[in-house]
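Enquirer: Curious how this folds, go ahead:
(chains A and B)
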Amino acid sequence: MLEIKQEDGEARTGVLKLNSGKVKTPFFMPVGTKGGVKNLTPEQLEDTGTECLISNAFILSLRPGVKSIADHGGLHEFMKWKKGIFTDSGGFQILSKDFLIKKSEKGVYFKNPYGGDKSMFTPEDSIKIQNLIGSDVAMCLDDVPHYGKSEKYMLDTLNRTTDWALRCKEAHANEKQLLFGIGQGGIFPELRKKSAQQLNKIGFDGYALGGLCIGESKKELFNSIAAQVKHFDKDKPKYVMGMGSPDDIVEAVSLGADCFDSIYPTKNARHGSLFTKEGTLKMKSRKYNGDTSPIEEGCKCYACKNYSKGFVHHMLIVHEQIGKTLAAIHNLTFMQNFMEEIREAIRNNTFDEFKKEFLANFNVENKVNNR
RNA sequence: GUGGCCGUAGUGUAACGGUAACAUGGAAGCCUGUGGAGCUUCAGUCCCGGGUUCAACUCCCGGCGGUCGCC
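Expert: Okay, the predicted model is just below:
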């Protein structure tokens, strides 16, 4: 459960108590869909300052299978991660053409991309799987709409998400595990509000804002968050799913969000985009060939303490594994350090200044959805 | 020595009597509840010399280089 220790405007900092330990909020979770955060060992991940990660129960249930994980004593033991674990429900895979065949009130009819066989996946299935593999936080199965659809379509997915959320709550049977509901509503403020009110009535341990960061403009994104956050129970954690760009996170925290997850830092790392206070460095660029300075001066991560830009550049160019590993270590350390600075600014009641200074320095000129 | 085939971006390959394309490599950018190097954009090419033709990377001759076979 969430213990709020300090507030600064809408932003707040505190501690989220999970079965496997405490997590300081606001926090960022790296994504380990298949049980591992790409290119990192659990020790390396812990060294980045990560206190919680998110895996995907649905995908793990396809391979290696729930029994395999249960036989190991649960997901924590299986992947050798002692700290917090959220599990995603499979809802996001509705957006993927590789999985979805069709949706109905009952659930999702999907194709298993590993074998090609087809089956039905219900809210009850998702909760049962998450209960069995024993993550700290289970997510409800939600009906994630594509960006750009009509308000009518958004309303339908919202109602179905609420219906499924109720079924998830009824199916949930693991006392050690928290259950979060997921709000939808697309970019329509009234729908965001409606969704929040419906979920609130059911009652969850935490609330997520779903269906965001999938193509909408920044204005639409933050309007949607603002419209929904305030209608969830204030004492419960608020989780913006899929958000991982530092400039987005600092905005969302100022609107009251406590929790984030995204592939953004790790995927950018693999592709050579490394985070610094001044913005993103394209580490594969030829200009870093021969550069003996670290990725970011003053950074305490393993990559910056031991290696030069020139080395990381070269490792990425020649596709050596260590290049991706060092890049991921740096980006995740940057993220966790950034989250700590956010928490500290809230504790000091200087969050607004922190946000302004951060956004002024972090170069976002080249980003597509900047407006 | 001789006969066949072949010489097109850095590399590997297309097409065509009307000034050229694909892959890869190169350069820049993108990535938000992860499809393990994905997507977008850009740069870059007709072995040399003659001839035929309005027009030759394309057809003909010679040279040079490669490759396979034969002596």
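Enquirer: Residues contacting stretch A:338-350, please?
Expert: A:5-8, A:11-13, A:24-28, A:49, A:246, A:249-250, A:253, A:351, A:353-355 (Cβ atoms under 8 Å, 6 or more residues apart in numbering). In this view, the C-beta of every residue, glycine as well, is placed from N, C-alpha and C.
Enquirer: Which ones among those lie within helices?
Expert: Counting by DSSP state H, the members of the contacts of stretch A:338-350 that fall within helices are A:246, A:249-250, A:253, A:351, A:353-355.
Enquirer: any idea which of those is the one closest to residue A:288?
Expert: residue A:246 (21.1 Å; Cβ to Cβ).
Enquirer: Narrow the contacts of stretch A:338-350 to those that are buried.
Expert: Among these, those classed as buried by 16 or more other Cβ atoms under 10 Å are A:8, A:11-13, A:24-28, A:49, A:246, A:249-250, A:253, A:351, A:354-355.
Enquirer: Using neighbour counts, pick out the buried residues of stretch A:224-243.
Expert: A:224-229, A:231-232, A:236-243.
Enquirer: Quick check: the nearest residue to residue A:232 once chain neighbours are set aside vs RNA strand B, distance?
Expert: Among residues not flanking residue A:232 along the chain, residue A:207 sits closest, at 4.2 Å (Cβ to Cβ, 6 or more residues apart in numbering). Residue A:207 sits 12 Å away from RNA strand B, taking Cβ to the nearest atom of the strand, to the nearest Å as the criterion.
Enquirer: What of residue A:108?
Expert: As for residue A:108, its distance to RNA strand B is 12 Å (criterion: Cβ to the nearest atom of the strand).
Enquirer: Hmm, that residue is touching residue A:100, no?
Expert: Yes - the pair residue A:108 and residue A:100 qualifies as a contact (Cβ atoms under 8 Å) at a distance of 6.6 Å.
Enquirer: Compare neighbour counts for those two and give me the winner.
Expert: Comparing residue A:108 with residue A:100 by neighbour count (other Cβ atoms under 10 Å), the higher total belongs to residue A:108, at 25 against 14.
Enquirer: So what sits opposite that one in the bridge?
Expert: On the basis of DSSP bridges, residue A:108 is bridged to residue A:103, residue A:121.
Enquirer: Can you add distance to residue A:146 and give the ones in helices among the contacts of stretch A:338-350 back as JSON lines?
Expert: JSON lines is the format used below for the ones in helices among the contacts of stretch A:338-350 (distance: Cβ to Cβ, whole Å):
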{"residue": "A:246", "distance to residue A:146": "26"}
{"residue": "A:249", "distance to residue A:146": "23"}
{"residue": "A:250", "distance to residue A:146": "27"}
{"residue": "A:253", "distance to residue A:146": "27"}
{"residue": "A:351", "distance to residue A:146": "34"}
{"residue": "A:353", "distance to residue A:146": "38"}
{"residue": "A:354", "distance to residue A:146": "35"}
{"residue": "A:355", "distance to residue A:146": "31"}
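Enquirer: So what's the gap between the lengthiest helix in chain A and the chain middle?
Expert: Longest helix in chain A, counting residues (DSSP H): helix A:321-347. Centroid separation for helix A:321-347 versus its chain: 14 Å, with Cα atoms, centre = their mean, to the nearest Å.
Enquirer: buried sites along that helix?
Expert: A:323-339, A:342-343, A:345-346.
Enquirer: which regions of chain A lie under the pLDDT threshold?
Expert: Applying pLDDT under 70 to chain A picks out residues A:364-371.
Enquirer: rerun that using 50 as the cut-off
Expert: Within chain A, the set of residues satisfying pLDDT under 50 comprises A:365-371.
Enquirer: Domain map for it?
Expert: Chain A breaks down into these domains under automatic domain parsing: A:2-262, A:269-359.
Enquirer: deepest of the ones you listed, which one?
Expert: domain A:2-262 (a mean of 20; mean count of other Cβ atoms under 10 Å).
Enquirer: tell me the contacts of the residue lying farthest from the centre of chain A?
Expert: In chain A, counting by Cα atoms, centre = their mean, residue A:290 sits farthest out from the average C-alpha position, at 35.2 Å. By Cβ under 8 Å, 6+ apart, the contact set of residue A:290 is residue A:310.
Enquirer: a helix runs through it, doesn't it?
Expert: No - Residue A:290: not assigned to a helix; according to DSSP: H, G, I helix; E, B strand; the rest coil it is coil.
Enquirer: and it, backbone torsions?
Expert: The phi/psi pair for residue A:290 (degrees, to the nearest 10) reads phi 90, psi 0.
Enquirer: any idea how far it is from residue A:157?
Expert: 52 Å (Cβ to Cβ, to the nearest Å).
Enquirer: Then residue A:360?
Expert: Using Cβ to Cβ, residue A:360 is found at 38 Å from residue A:157.
Enquirer: For the stretch 51-200 of chain A, what lies in contact range of RNA strand B?
Expert: A:54, A:56, A:88-89, A:91-93, A:96-98, A:113, A:139, A:142, A:144, A:182 (Cβ under 7 Å from any atom of the strand).
Enquirer: wait, doesn't residue A:62 sit right on residue A:112?
Expert: Yes - under the contact definition of Cβ under 8 Å, residue A:62 touches residue A:112, with a separation of 5.5 Å.
Enquirer: Ignoring the adjacent residues along the chain, who's closest to residue A:31?
Expert: By the measure of Cβ to Cβ, 6+ apart, the closest residue to residue A:31 outside its immediate chain neighbours is residue A:263, 4.8 Å from it.
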